[in-house]
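Trainee: sequence first, then the predicted structure, then my questions.
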Amino acid sequence: MGSFFDVIVVGGGPAGLMVAKTAAEKNLEVLLIEKRKRIPQVKRTCCSSFFLEPNYMGETTRVEEGKLVFPNNGFTVNYAGSLYPIKDKYGISSGGYKWHMVRFESEDYSKGIPLSMVLDKEVLLEGLLREAEHSGVKVMNGSMAKKIENIEKGVKVEVTKEGRSLLIEGRKGIVADGVNSPMVESMGLNKERKVLGSRAVFLEYIMEGVDNPFPNAVLNFHGEKISKFGPVFLWPNSKGLPRIMVMSRLPKYPSEVIDYFISDSPYASWFKHAQIIEKTGGSLVPRAAISEPCIGNILVIGDAAAFIEVENQGAMMCGFQAGNAVYEKLNGSDGFKRYVEWWKRSFEFNNPELLKALAVLPAIEVRGYRDEDIDYLFSLVDGEEIYGTCSQYRSGVAVWKAILKHSETIKKERPPLYEKVKGLMDLGLDDIFTGG
């Protein structure tokens with residue numbers, strides 16, 4: 001293996017594999033560095049969704065036979081795995097009342113398009129890796145990138161492999177090592193990023209034998225009888241098996257939250273005959289996105305530069321755009337500037353007002369709504385169909401707008417509760433992450 005490359009990519013997730021593949025297809029010499037020995041293996045919690053909402057992240061994706069299609073960005077991704085449709089989203093109270101998001105604010109949904117498809121992320125990564133290697137990408141798996149920095153003629157990456165330290169140089173560097181990026185930390189980019197609360201810990205159980213009456217839906221369970229530490233989520237994997245996920249902060253561990261939910265909550269009967277077949281987890285420190293993810297010869301892409309995550313389709317879009325950007329940069333035009341403009345335009349977390357909207361739905365837990373309050377509020381929209389969105393930044397707003405259409409009823413029947421809910425749209429992320 002040579003010691004100097006056109007492009008060095010750190011990270012072998014969907015963003016890293018896509019940028020490596022795209023750059024190599026343009027006849028650039030590319031090195032991919034990934035800490036996992038088996039690159040496609042997924043060991044942490046991941047929603048694995050492929051969203052089909054029109055103009056989501058500036059793209060209207062579709063699924064064709066063996067392909068994931070990105071028409072606005074101008075590329076396709078071969079995919080040979082299973083896809084499981086998500087047709088509905090529900091919020092469910094401890095008393096069984098529900099809000100129901102059933103379709104997008106678009107005529108396209110009337111054609112029977114589901115909200116999203118759940119894909120098999122390992123199959124996706126296997127295909128991207130195979131195509132990247134076929135395109136000429138050199139792969140260093142089982143290798144830990146410790147540091148990346150700009151040098152006079154390009155970039156230098158410090159790598160540890162099998163106990164040996166290596167220095168590898170290239171003309172350009174792409175950082176795609178995901179959320180909590182060690183490379184971003186080593187570059188000092190986290191110093192200017194606002195931290196929004198303490199580290200969050202995730203845990204997910206994949207189960208079989210669950211008596212789930214909503215098999216093609218994403219379910220959000222709310223209330224103290226569900227959990228005193230935030231909502232519990234249930235949705236299917238690519239084969240339709242239920243997955244239960246919680247996010248928690250110490251002193252309560254996620255396993256305690258899930259175990260209580262499946263054993264003692266009002267929905268414990270769903271799990272009477274269920275078995276856990278797999279557990280995954282993860283953690284993150286929520287930070288503001290990097291608005292200018294470019295320093296010298298280094299471009300930071302995907303989750304490494306994001307607030308929380310860009311999701312699987314966003315990661316592939318970042319990889320494709322970055323692959324073209326680095327080619328342009330190496331051929332005399334400012335592709336990195338073009339990428340940054342696209343980054344700011346495409347992802348909602350770069351819009352302060354939309355980022356603020358993320359706080360609205362979690363307010364149920366953080367601001368101390370009692371179970372009877374949640375039951376009452378959800379009962380006002382139970383039986384209605386909410387036209388909404390896949391966006392985690394706007395979906396909560398859609399739900400609360402539906403509830404607040406009943407403001408006069410709330411004001412008349414529950415005056416103290418009305419005073420509590422009327423200022424919901426003025427909440428910010430600091431209110432949620434700090435419990436203010």
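Mentor: Okay, I see it.
Trainee: the residue at minimal distance from the centre of the chain: what's it in contact with?
Mentor: With distances taken as CA atoms, centre = their mean, E311 lies nearest the centre of the chain, 3.6 Å away. Going by CB atoms under 8 Å, 6 or more residues apart in numbering, E311 touches 47, 49, 51. Bear in mind the C-beta positions are built from the backbone N, C-alpha and C, glycine included.
Trainee: just the helices in the stretch 51-200 of the chain please.
Mentor: 121-134, 182-186 (DSSP state H, counting those that start in this stretch).
Trainee: among those, which comes closest to L377?
Mentor: Closest to L377 of those, according to CB to CB: helix 121-134, at 35.1 Å.
Trainee: for that closest one, buried residues please.
Mentor: For helix 121-134, a neighbour-count test (16 or more other CB atoms under 10 Å) marks 121-122, 124-129, 131-133 as buried.
Trainee: contacts for stretch 28-37 next, please.
Mentor: Residues outside stretch 28-37 that contact it (CB under 8 Å, 6+ apart): 1-2, 5-12, 16-17, 20, 23-24, 132, 136-145, 157, 159, 168, 170, 326-327, 330.
Trainee: can you select the buried ones from the residues you listed in ChimeraX?
Mentor: To isolate the buried members of the contacts of stretch 28-37 in ChimeraX, using 16+ other CB under 10 Å:
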select :5,6,7,8,9,10,11,12,16,17,20,23,24,132,137,138,139,140,143,145,157,159,168,170,326,327,330
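Trainee: want to throw the contacts of E311 into CSV with pLDDT, neighbour count and distance to M316?
Mentor: Formatted as CSV, the contacts of E311 follow (pLDDT from 0 to 100; neighbours: other CB atoms under 10 Å; distance: CB to CB, whole Å):
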residue, pLDDT, neighbour count, distance to M316
C47, 78, 21, 15
S49, 92, 21, 13
F51, 93, 21, 12
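Trainee: ok, these vs A176, which is closest?
Mentor: Relative to A176, the closest of the contacts of E311 is C47; by CB to CB it sits at 18.7 Å.
Trainee: tell me the contacts of the closest one?
Mentor: With contacts defined as CB under 8 Å, 6+ apart, the neighbours of C47 are 118, 235, 311.
Trainee: tell me which of the residues you listed is nearest to P416?
Mentor: Nearest to P416 among the contacts of C47: W235, at 34.2 Å, using CB to CB.
Trainee: what's the span of stretch 4-18 from first residue to last?
Mentor: End-to-end span of stretch 4-18 (CA to CA, to the nearest Å): 21 Å.
Trainee: stretch 352-369 now?
Mentor: In stretch 352-369, first residue to last residue: 26 Å (CA to CA).
Trainee: pull up the gap between the residue nearest to the centre of the chain and V159, please.
Mentor: According to CB to CB, to the nearest Å, E311 and V159 sit 28 Å apart.
Trainee: which of the helices of the stretch 51-200 of the chain sits closest to R164?
Mentor: Evaluated over those, closeness to R164 peaks at helix 182-186, with 18.5 Å, by CB to CB.
Trainee: give me the helices and strands touching the closest one, please.
Mentor: Packing contacts for helix 182-186, counted by 3 or more CB pairs under 8 Å, 6 or more residues apart in numbering; DSSP states H and E, involve strand 143-151.
Trainee: helices and strands around the strand it packs on, which ones?
Mentor: Against strand 143-151 (3+ CB pairs under 8 Å, 6+ apart) you get strand 4-10, strand 154-161, strand 164-175, helix 182-186.
Trainee: same thing but 10 Å
Mentor: Counting contacts by 3 or more CB pairs under 10 Å, 6 or more residues apart in numbering; DSSP states H and E, strand 143-151 is packed against strand 4-10, strand 30-33, strand 154-161, strand 164-175, helix 182-186, strand 294-295, strand 298-300.
Trainee: switch these over to TSV; also include distance to F336 and mean pLDDT.
Mentor: Below are the helices and strands packed on strand 143-151 laid out as TSV (distance: least, CB to CB, whole Å; pLDDT from 0 to 100):
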stretch	distance to F336	mean pLDDT
strand 4-10	12	97
strand 30-33	17	98
strand 154-161	13	96
strand 164-175	9	96
helix 182-186	16	93
strand 294-295	5	95
strand 298-300	6	98
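Trainee: right, I'll call it a day here.
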